[in-house]
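Colleague: Sequence first, then the predicted structure:
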Amino acid sequence: MGVTDSFVSALKGRRVLVTGHTGFKGSWLSLWLAQIGAEVHGYALEPPTTPNLFEEAHVAGVLASHTIADVRDVVAIGRAFVDTSPEVVFHLAAQPLVRESYLDPRGTVEVNVLGTVNLLEAIRAHRQPCAVIVVTSDKCYENREWVWGYRENDPMGGHDPYSMSKGATELVVASWRRSFFPPERVAEHGVRLASARAGNVIGGGDWRQDRIMVDCIASLERGTPIQVRNPQSTRPWQHVLEPLSGYLMLAARLLESTSENANEFAGAWNFGPAVSDVWPVRRLVEETIECWGSGSWIDMSEPSAPHEARLLALNCDKAHHRLGWRPTWDASRSVRETVAWHRVRLEGGALRDVTLGQIGAFAAGGGPVATGRISS
């Protein structure tokens, strides 16, 4: 059975609102939802980079509606719910960068924390039964530099403003769930609210600054050495489709849940790779160079740089046992798929086609590595 079989029937034909749909993960998610037959509505700012996956893969062409607005705009987010009456909401809109949070801590908190409050209040005001997944980050945990993975019931925290904002967002979600959307009373309010935490995602079409795979691809395309800030820091590397498959499986379970079992799914969830895929940055860089076929890297560690966690991993036993979710591509496969995607772009290939081709291969349970142009 392929990955898609576990959620396609539950989501096909559903009205789905994706906030942050112009971003990297949002673009992949929007294409996947449209491919399985959902009616996809998007709410986000303009794409955050040039180039960007949203435009390169012509994501707007698969959307039922495309709203450019800010999650900090209470009126706009409320109007979006009136206009779309979503049955499923994936909240991805966020300020996603640690270093940016040092430059603009207030803006980071406003977008990540208050933006989520605005979304949840719009849901409360609209009184539309729906399944809601608020996506945060593995950095929401109070990081003690443990070698073992964090579990969903470990304390929230965060050294830097970004991580703190994600921990605070999780507290907001938990509070609104207890206060306004208790799972045992879902028959009354109709809202099934969960949160999802993922590891470091890679994949084709990410051009955000301060991301190691982005830096790798850019340097390899230019033929210059890759500058690596933290070569010994470990991260749970996974292809973007890994956590997205978890979000989709969770959405299906939420939609199907009742007052008797909603508490089993309306909560916090980790979607991370296997322990064997928690690599030091150095290994990721070297595997990327090997897949590319040429290149080099240099250590650019900055002792005075803003603090970033050195050790970080997730425990995903809950998702394994309750959702039946398992990683499909290991870190090596994820690197190969990312390099293959960017090779297609360099050759002038159709990027929506290669993106949908990788989604199809993943959903089928693996499939061959994309190595060239994929025709429609």
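Modeller: Received the coordinates, thanks. Numbering: from 1, shown residues only.

Colleague: thinking residue 247 is in contact with residue 89, fair?
Modeller: No: judged on CB atoms under 8 Å, residue 247 makes no contact with residue 89 at a distance of 11.0 Å. C-beta coordinates here come from the backbone N, C-alpha and C atoms, glycine included.

Colleague: longest single helix anywhere in this protein?
Modeller: helix 161-179 (DSSP state H).

Colleague: between residue 247 and residue 89, who's got more neighbours?
Modeller: Neighbours per residue (other CB atoms under 10 Å) separate residue 247 from residue 89, with residue 89 holding more: 28 against 24.

Colleague: thinking again about what came up before, give the intersection of the neighbour lists for residue 247 and residue 89.
Modeller: Both residue 247 and residue 89 are contacted by residue 133, under the criterion CB atoms under 8 Å, 6 or more residues apart in numbering.

Colleague: what ranges do the helices span in the stretch 101-250 of the chain?
Modeller: Under the criterion DSSP state H, counting those that start in this stretch, helices of the stretch 101-250 of the chain are mapped to 105-109, 115-126, 161-179, 186-189, 212-222, 241-256.

Colleague: Redo these as CSV? Include distance to residue 203.
Modeller: Listed next are these as CSV, based on distance: least, CB to CB, whole Å:
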stretch, distance to residue 203
helix 105-109, 24
helix 115-126, 24
helix 161-179, 20
helix 186-189, 34
helix 212-222, 8
helix 241-256, 7
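
Colleague: now, of the ones you listed, which is deepest in the fold?
Modeller: Greatest average neighbour count among the helices of the stretch 101-250 of the chain goes to helix 241-256 (a mean of 25), per mean count of other CB atoms under 10 Å.

Colleague: Alpha carbons of it, as PDB, please.
Modeller: Taking C-alpha atoms only, helix 241-256 is exported to PDB below (Å, rounded to 0.1, in the frame of the first residue of the first chain):
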ATOM      1  CA  LEU A 241       7.400  15.100   1.700                       C
ATOM      2  CA  GLU A 242       8.000  13.200   5.000                       C
ATOM      3  CA  PRO A 243       6.400  15.600   7.400                       C
ATOM      4  CA  LEU A 244       3.700  16.600   4.800                       C
ATOM      5  CA  SER A 245       2.700  12.900   4.600                       C
ATOM      6  CA  GLY A 246       2.300  13.000   8.400                       C
ATOM      7  CA  TYR A 247       0.200  16.100   8.300                       C
ATOM      8  CA  LEU A 248      -2.100  14.600   5.700                       C
ATOM      9  CA  MET A 249      -2.400  11.300   7.600                       C
ATOM     10  CA  LEU A 250      -3.200  13.200  10.800                       C
ATOM     11  CA  ALA A 251      -5.800  15.400   9.000                       C
ATOM     12  CA  ALA A 252      -7.600  12.200   7.800                       C
ATOM     13  CA  ARG A 253      -7.600  10.800  11.300                       C
ATOM     14  CA  LEU A 254      -9.000  14.100  12.800                       C
ATOM     15  CA  LEU A 255     -11.800  14.200  10.200                       C
ATOM     16  CA  GLU A 256     -12.800  10.600  11.000                       C
END
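
Colleague: For whatever helix or strand comes next after that helix, name the packing helices and strands.
Modeller: Under the assignment DSSP states H and E, the closest C-terminal helix or strand after helix 241-256 is helix 262-265. Here helix 262-265 touches strand 191-198, helix 241-256, going by 3 or more CB pairs under 8 Å, 6 or more residues apart in numbering; DSSP states H and E.
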